[in-house]
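Take this sequence and fold it.
(chains A and B)
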2 protein chains.
Amino acid sequence: MVKAKSYLYQYKFKGFPKRSDLLIVEDELPEIKDGEFLAEAVYLSVDPYMRPYANNLPTGSTMIGSQIAKITDSKNPNYPVGKYVCGNFGWTTHTITTGNEKNKAKPYILPDFGDLPLSLGLGVLGMPGSTAYFGFLEICKPKEGETVVVSGAAGAVGSLVGQIAKIKGCTVIGIAGSDDKGKWLKEELGFDHFINYKTEDVEKALKAAAPNGVDCYFDNVGGDISSTVIYQMNQFGRISVCGAISSYNNIETARLERPLQMPIISKQLRMEGFVNSRWIDRYLEGIQQNLQWVKEGKLKYRETITEGFENMFDAFTSMLRGKNTGKAIVKV
Amino acid sequence: MVKAKSYLYQYKFKGFPKRSDLLIVEDELPEIKDGEFLAEAVYLSVDPYMRPYANNLPTGSTMIGSQIAKITDSKNPNYPVGKYVCGNFGWTTHTITTGNEKNKAKPYILPDFGDLPLSLGLGVLGMPGSTAYFGFLEICKPKEGETVVVSGAAGAVGSLVGQIAKIKGCTVIGIAGSDDKGKWLKEELGFDHFINYKTEDVEKALKAAAPNGVDCYFDNVGGDISSTVIYQMNQFGRISVCGAISSYNNIETARLERPLQMPIISKQLRMEGFVNSRWIDRYLEGIQQNLQWVKEGKLKYRETITEGFENMFDAFTSMLRGKNTGKAIVKV
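Model (predicted):
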């Protein structure tokens, strides 16, 4: 008998998530049936989106999230034993599924990453990689020589967006919350400028870093940092709204100190939000391009790995507090 | 000798414009030179944009604005005596110009409106008409059967946008500040629903009027009315940001009670600002289409006309307070 440990979403998150909002349970799994397979989690993802999306999750459900899992038993020829899948199985150690459940994204066998670690399937070669690739290129449509600002710049998505902007010939300014992150962005990833929003006046620092204004803004954080950037954008600037982590834990009380409409009108800005599933039919195109860039050394990555399924809640809240650099992952 | 009366922009507007911010002066004009013409104002426009745009105007300049003027003297064959021009001459009764000044929009001879009044050249057959036509159709890209919300719905632009949306087969909800306006919108212009933001709970009223959500929002007002609409939009909704009159007079203290980023992400909304000059090369296309719709009875208009150049400041502030229905105009 296989035992599965899972985190149940016991109480709706109010404000910052509390440990008691989740409940760890252990279930004995049945034998798999025809068409099903059993997958054992190897790496689990913790991502910012989990906080707002959990609002729509019925209490008592398994907490949402994706993972890289090894197929350890199978009666489904599309999912053979020994292969690794990436699936939205939630915060659980073992999953039995047909791989074809209604209203659920289909788990996919990981493409061949060569010598690269499997965990990249949750980062640069997975959802965050696809998010950065399509969310930046399709919405910002950056042109060579333009100035690009990325907030949440040292996160899983932001760190990739800045590098893709560099590949496209842009000047890149990253905003994040520690000088260590800034050092990594500038010295290793090739960002042109870094602004520490916790220690610097973002408005002044941005004027200095982008004296000719900002053309593209890839927004992971929302709130007043974003308003400050938007007020410094150029005519026909483009804003890709990927996340709003600054307001995820205080949505009831969050305010914008300045109305966004004024610069949006006078600068004729275009602000567009997206969720990654929009480009689901081109998902592999993004992954393959990122893989090639990784192999060429043009796209670097970092992972903040927490060991132990029992530490998953801490990994999640630590990520929400911005303690991670690059992709936050839990290794079972 | 011709005497020109003008309003000089004496003190920068702070908060709501004060009468003393403008100074009426009288100047004797010289004889016109070769290449110049003399135009005598017949109708002058007062528009919301004047409030924020004045912020960039050097004090001592003539207050900005467009007018319909009769050419009464000319040494320029492109501008013959007796014709009417629409020009950005500012708040002044008489203008001498070559019609070809650097960094200024070229005045144009009014197209033939048939039996329609000349003043429409400042409204449905002028800048507001072009703004409604392009700003709505090009940015919202409405589809038949969609639900469209217009704020500032009884104004010069909003009243046209709602009617164009009806022509395109949409369900139209107008938001404005008096029941008289609402009566006009529903009974004469064919709007499907009306919300009085001064007497109704906009959130509840909008849920009732648009139970299936909002697809397109044409925004003239900004502020919390707009946030309320944006929070009720459907997946892939489009927001055309034309104006933000709610914050023009309190930009320093204006706040948004709810961050816009959250619905923009989850609903994948696109919010785009514009200024009318973007489509300057297609200007006549919009005017001709509007003219045709007016003649067909599909596009109705109303004007709020103030008599007397000396009452121009009152017409302006009255418009900023929303006292006008349709286009606010001053007749000299």
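
Near residue A:285, how many other residues are there?
Counted with other Cβ atoms under 10 Å in any protein chain shown, residues neighbouring residue A:285 total 13. All C-beta atoms are positioned from the backbone trio N, CA, C, and that covers glycine.

That one and residue A:130, how far apart?
In this view, residue A:285 and residue A:130 are 9 Å apart by Cβ to Cβ, to the nearest Å.

Could you do residue A:20 as well?
In terms of Cβ to Cβ, residue A:20 sits 34 Å off from residue A:130.

The two: who's more crowded?
Counted by other Cβ under 10 Å, residue A:20 and residue A:130 do not tie: residue A:130 has more neighbours, with 25 against 9.

any idea where the strands of the stretch 51-200 of chain A begin and end?
A:67-74, A:84-87, A:94-97, A:108-109, A:147-151, A:171-176, A:193-196 (DSSP state E, counting those that start in this stretch).

Give the partner strands of the shortest one in its sheet and their orientations.
The reference is to strand A:108-109. Strand pairing for strand A:108-109, determined by DSSP bridges: strand A:84-87 (antiparallel).

mind putting the strands of the stretch 51-200 of chain A in a markdown table, mean neighbour count and mean pLDDT included?
Output for the strands of the stretch 51-200 of chain A, formatted as a markdown table (neighbours: other Cβ atoms under 10 Å in any protein chain shown; pLDDT from 0 to 100):
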| stretch | mean neighbour count | mean pLDDT |
| --- | --- | --- |
| strand A:67-74 | 21 | 98 |
| strand A:84-87 | 21 | 97 |
| strand A:94-97 | 20 | 97 |
| strand A:108-109 | 16 | 96 |
| strand A:147-151 | 30 | 98 |
| strand A:171-176 | 27 | 98 |
| strand A:193-196 | 22 | 98 |
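
Distance to residue A:315 for these - can I get that in TSV?
Converted to TSV, the strands of the stretch 51-200 of chain A look like this (distance: least, Cβ to Cβ, whole Å):
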stretch	distance to residue A:315
strand A:67-74	13
strand A:84-87	18
strand A:94-97	19
strand A:108-109	24
strand A:147-151	22
strand A:171-176	19
strand A:193-196	24
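
tell me which parts of the stretch 1-150 of chain A are close to chain B?
Within the stretch 1-150 of chain A, the positions adjacent to chain B are residue A:52 by Cβ under 8 Å from any Cβ of the partner chain.

In contact with the most centrally placed residue in chain A, which residues are there?
Note on chain A: the residue nearest the mean C-alpha position is residue A:128, at 4.3 Å, using Cα atoms, centre = their mean. Residue A:128 sits next to A:47, A:122, A:156-157, A:160, A:327 when contact means Cβ atoms under 8 Å, 6 or more residues apart in numbering or on different chains.

What is the nearest of the residues you listed to chain B?
Closest approach between those and chain B, by Cβ to the nearest Cβ: residue A:157, at 12.6 Å.

Contacts only, for the closest one.
A:128, A:131-132, A:135, A:220, A:242-243.

Kindly reformat those residues as TSV containing distance to residue A:184.
Putting those into TSV (distance: Cβ to Cβ, whole Å) gives the following:
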residue	distance to residue A:184
A:128	16
A:131	20
A:132	16
A:135	21
A:220	16
A:242	20
A:243	20
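
Next, give phi and psi for residue A:40.
Main-chain dihedrals, residue A:40, degrees, to the nearest 10: phi -110, psi 120.

Burial check on it, number of neighbours?
Quick note: residue A:40 (other Cβ under 10 Å) scores 16 neighbours.

how about the helices in the stretch 1-150 of chain A?
All helices of the stretch 1-150 of chain A, identified by DSSP state H, counting those that start in this stretch, fall at A:50-53, A:127-140.

For residue B:8, find the nearest of those.
Nearest to residue B:8 among the helices of the stretch 1-150 of chain A is helix A:127-140 (43.1 Å), distances taken as Cβ to Cβ.

how distant is the closest one from the center of its chain?
10 Å (Cα atoms, centre = their mean, to the nearest Å).

Tell me what angle it forms with strand A:147-151.
140 degrees (axes from the mean of the first three to the mean of the last three Cα atoms, to 10 degrees).

if we can go back for a sec, with residue B:96 as the reference, name the closest of the strands of the stretch 51-200 of chain A.
strand A:147-151 (43.0 Å).

And the closest one, what does it pack against?
helix A:158-167, strand A:171-176, strand A:214-219, helix A:223-230 (3 or more Cβ pairs under 8 Å, 6 or more residues apart in numbering or on different chains; DSSP states H and E).

and the longest one, average pLDDT?
When you say that, I think you mean helix A:158-167. Taken as a whole, helix A:158-167 has a mean pLDDT of 98.

Kindly report the same for the last one.
Per-residue pLDDT values across helix A:223-230 average out to 96.

Check whether it comes near chain B.
Yes: applying Cβ under 8 Å from any Cβ, one finds helix A:223-230 in contact with chain B at A:223, A:226.

after that helix comes which helix or strand?
strand A:233-241 (DSSP states H and E).

Would you mark the buried spots in that next one?
Within strand A:233-241, the residues scored as buried using 16 or more other Cβ atoms under 10 Å in any protein chain shown are A:233-234, A:237-241.

Any idea what the residue nearest to residue A:57 when sequence neighbours are not counted is bridged to?
Leaving aside its chain neighbours, residue A:57 sits nearest to residue A:9 (5.3 Å; criterion: Cβ to Cβ, 6 or more residues apart in numbering or on different chains). With DSSP bridges as the criterion, residue A:9 is bridged to residue A:22.

Quick check: residue A:9 vs residue B:138, distance?
Distance of residue A:9 to residue B:138, computed by Cβ to Cβ: 44 Å.

Looking at the two, which one has more neighbours?
Relative neighbour count places residue A:9 above the other of residue A:9 and residue B:138, with 20 against 15, counting by other Cβ under 10 Å.

got a list of what the more buried one touches?
By Cβ under 8 Å, 6+ apart, the neighbours of residue A:9 are A:21-22, A:54, A:57-64.

Apply 10 Å and report the result again.
A:21-23, A:54, A:57-64, A:90-91 (Cβ atoms under 10 Å, 6 or more residues apart in numbering or on different chains).
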